[in-house]
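Visitor: Predicted structure and sequence below. I'll ask about it afterward.
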Amino acid sequence: MDRKAAAEQYYLGHRGQTMTITRNLELHSEATSRLEVDMAIVGAGVSGLYSGWRLLTSPNRPQSIHIFDLSDRIGGRLESVVLPGMKISGELGGMRYMTQQEIVTTLIERIFSLPAIDFPMGDPSTHFFYMRTQRLRADAWEKAQKSGTKLQTNFFLRPDSEGFNADQLFNKIVYDVLVGDPWFVKNYGNKVSKTGVYEYDFKLTARDWDVIKPALKYCFPGPYEGMRVNDMGFWNLIKDQEGEEAYSFLAVAGGYYSNTINWNAAEAFPYMVGDFSNVGTRYKTIDGGYDLIAYALAEAYLNQKGSKIWSQNRLVNFERSGGPRRYKLFILNLRSRKTWVVDSDAIILAMPRRSLELLNQFNFFFDPDRQSKRQSEIAAVIMEPSFKLLMGFEQPWWKAFFGAIAGESITDLPVRQCYYFGTDPKDSHSLFLASYNDMETVPFWSVLQEKDLSQWRPAGSTQEHFAARSLEPLKWKSLPKWKVTETAFASQASLNVFQDNQAPAPMVREAMAQIRELHDIKQIPDPYITYFKDWTQDPYGGGYHAWKAGVDVANVMRYMRRPDASEAIHVCGEAYSDQQGWVEGALCVAERMLQEYFGLPWPSWLNPDYYLGW
């Protein structure tokens, strides 16, 4: 049976079945004296969980695969929370997927039959842009374009760029650079077109982009003429194409500073036109929380013999071993503060850049004196700070004041983006993402997180030093926390459970001042509860990653999946993928690693023509 027939048979065999997923998994937070396994996976995010599940359900499966994570939960940078008095899930980490991302879509909608729902973007006429003290409705550009006029903003764009919204201007830049290269026009010119004054069409596939990205030349007179776009920073390219004022406009109006930092311009191209600028993009999420994909993978993994998840157990170091297995891993139990040993024949480090750097860098694998290439490849990605602040309100004031039901508003104030997540179907309690910000605005909020740094010791090279490092959440020393307020639908007792998770009171007051300014409504009430997450804190280093300019992305991706051909040590995850910031990137890298180095066949449930990337 060929792969396509097998996939169709799988779909038919599983259609209509529903898998009940629980977050009450059996996690082992204790330590043992010594453990022997066939494989150790470090990191209980989606790439680690997926790898464990796929390996233990493969024809030639190992006898035992255990997963280790320093957190008391699973999911990595997926974390969904339900605030007291609500049924709506709030997302502190990743919150959606695109339907063209076939692995995550198939897992959610076909394999685990999770309740997939549209991620609502709402009505732009009820959303705001507030930039340089100018307040606009989000559909202002569309209305102006339909009337044949150019919307004037407080950004002084070049005449041929006036009237474009941010997504359209990103498209214009990508289109102009693509068709400016004769090589591209000869080979792919029929796949891109300008369809209107402000509209562009891109029919390039992921396979096309992987040919284009390393070869594309910048063919415009000036300081970058003749350079490969891969060697240019995206900021450099935008400034050269449209000017610094347009760059400022895109950085603000695009909603994410991370999109316009000086990352690899060639990697930025498909990212922008395939996601943010593509009018056909359909976002979906999971009813009950996007992190349910991690819990579904964990449950499927734990249903296999030889599986176990060790929580609150942090990898400190690993060495070659002359003992029963190839490697010896030193695990710090965060509850007892004792280090114990795991013997394993293979290691999968399902970890982002910062987590790799927090391991002992003076062992044989990371040694900076002997492994300069490895250190360079690990540092080939930029860690992008990210911060979210959730709030619960007794009433959906955004609906009452200006008719919003869902979607986002954008500003150049440090809150950057806010999302109207909706109202509980059984009462009036409503969830609001008061701030979703990244890069340069994160320090604005970080200073409002009073930190206790006393638990960090001076830098050193000993194993004991790395074991002694505390990666527990930083604690507030003096800033008062936001006081939760009892409501008709949330008792004080239920709220008190969340008291330790409250944002500092000055942070909430500052955020609310900006929210009132963004909407020009002084009567917006205070929240009754808050919850925030700063992904810049260790061990994450950021919410997502981006490739540096000049990096040979294809070779670094291949290298990181097995950095040393003589060792059974692998790295996977979103950081070293070509879909950074997405669950799909983590899954594609893991799947490629499993097929290349563990001999796993193509999944019967996955479209056999789906492209996994480099």
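Guide: Happy to help now that I have it. Everything numeric in this text was worked out from a predicted model, so none of it was measured.
Visitor: For P396, give me its contacts.
Guide: P396 is in contact with Y420, G422, T423, S428, S430, counting by Cβ atoms under 8 Å, 6 or more residues apart in numbering. For every residue, glycine as well, the C-beta is placed using N, CA and C.
Visitor: what pLDDT does it get?
Guide: Listed pLDDT for P396 reads 92.
Visitor: repeat for M19
Guide: 54.
Visitor: Repeat that for P84.
Guide: Looking at P84, the pLDDT reads 88.
Visitor: swap in I88?
Guide: Reported pLDDT for I88: 87.
Visitor: can you check T57 too?
Guide: 96.
Visitor: quick revisit: give the buried subset of the contacts of P396 as a ChimeraX selection command.
Guide: Buried residues among these (16 or more other Cβ atoms under 10 Å), as a ChimeraX selection:
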select :420,422,423,430
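Visitor: Put together a markdown table for the contacts of P396, with distance to L70, secondary structure and pLDDT on each row.
Guide: Below are the contacts of P396 laid out as a markdown table (distance: Cβ to Cβ, whole Å; DSSP: H, G, I helix; E, B strand; the rest coil; pLDDT from 0 to 100):
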| residue | distance to L70 | secondary structure | pLDDT |
| --- | --- | --- | --- |
| Y420 | 34 | strand | 94 |
| G422 | 33 | strand | 81 |
| T423 | 36 | strand | 83 |
| S428 | 39 | coil | 84 |
| S430 | 34 | strand | 90 |
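Visitor: For the contacts of P396, which two are the farthest from each other?
Guide: The span of those, defined through Cβ to Cβ, is set by Y420 and S428 at 14.0 Å.
Visitor: Quick one: residues contacting the residue lying closest to A215 once chain neighbours are set aside.
Guide: Spatially, and ignoring its direct neighbours in sequence, A215 is nearest to W183 (6.5 Å; Cβ to Cβ, 6 or more residues apart in numbering). With contact set as Cβ under 8 Å, 6+ apart, W183 has these partners: A215, L216, K217.
Visitor: isn't there a strand covering W183?
Guide: No: W183 sits outside any strand when classified using DSSP: H, G, I helix; E, B strand; the rest coil, being helix.
Visitor: Strands along the stretch 151-300 of the chain, start to end?
Guide: For the stretch 151-300 of the chain, the strands defined by DSSP state E, counting those that start in this stretch cover 192-194, 200-202, 283-286.
Visitor: surely V42 meets A350?
Guide: Yes: counting by Cβ atoms under 8 Å, V42 touches A350, with 6.4 Å between them.
Visitor: do you know which of the strands of the stretch 151-300 of the chain lies nearest N24?
Guide: strand 283-286 (17.3 Å).
Visitor: Pretty sure S435 sits in a strand.
Guide: Yes: according to three-state DSSP, the state of S435 is that of a strand.
Visitor: For the stretch 451-600 of the chain, give me the ranges with low pLDDT.
Guide: For the stretch 451-600 of the chain, the stretches flagged by pLDDT under 70 are 451-478.
Visitor: related to what we said a few turns ago, same list, the contacts of P396, but as CSV with distance to V341 please.
Guide: Shown next, in CSV, are the contacts of P396 (distance: Cβ to Cβ, whole Å):
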residue, distance to V341
Y420, 50
G422, 48
T423, 52
S428, 54
S430, 50
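Visitor: How is the protein partitioned into domains?
Guide: 3-76+291-381+547-598, 155-283, 386-534 (automatic domain parsing).
Visitor: can you put those in TSV and add distance to L92?
Guide: What follows is those, written out as TSV (distance: least, Cβ to Cβ, whole Å):
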stretch	distance to L92
domain 3-76+291-381+547-598	9
domain 155-283	17
domain 386-534	4
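Visitor: who wins for proximity to E142 among the ones you listed?
Guide: domain 155-283 (7.8 Å).
Visitor: first vs last residue of the closest one, how far apart are they?
Guide: 30 Å (Cα to Cα, to the nearest Å).
Visitor: got it, and stretch 192-206?
Guide: End to end - Cα to Cα - stretch 192-206 spans 14 Å.
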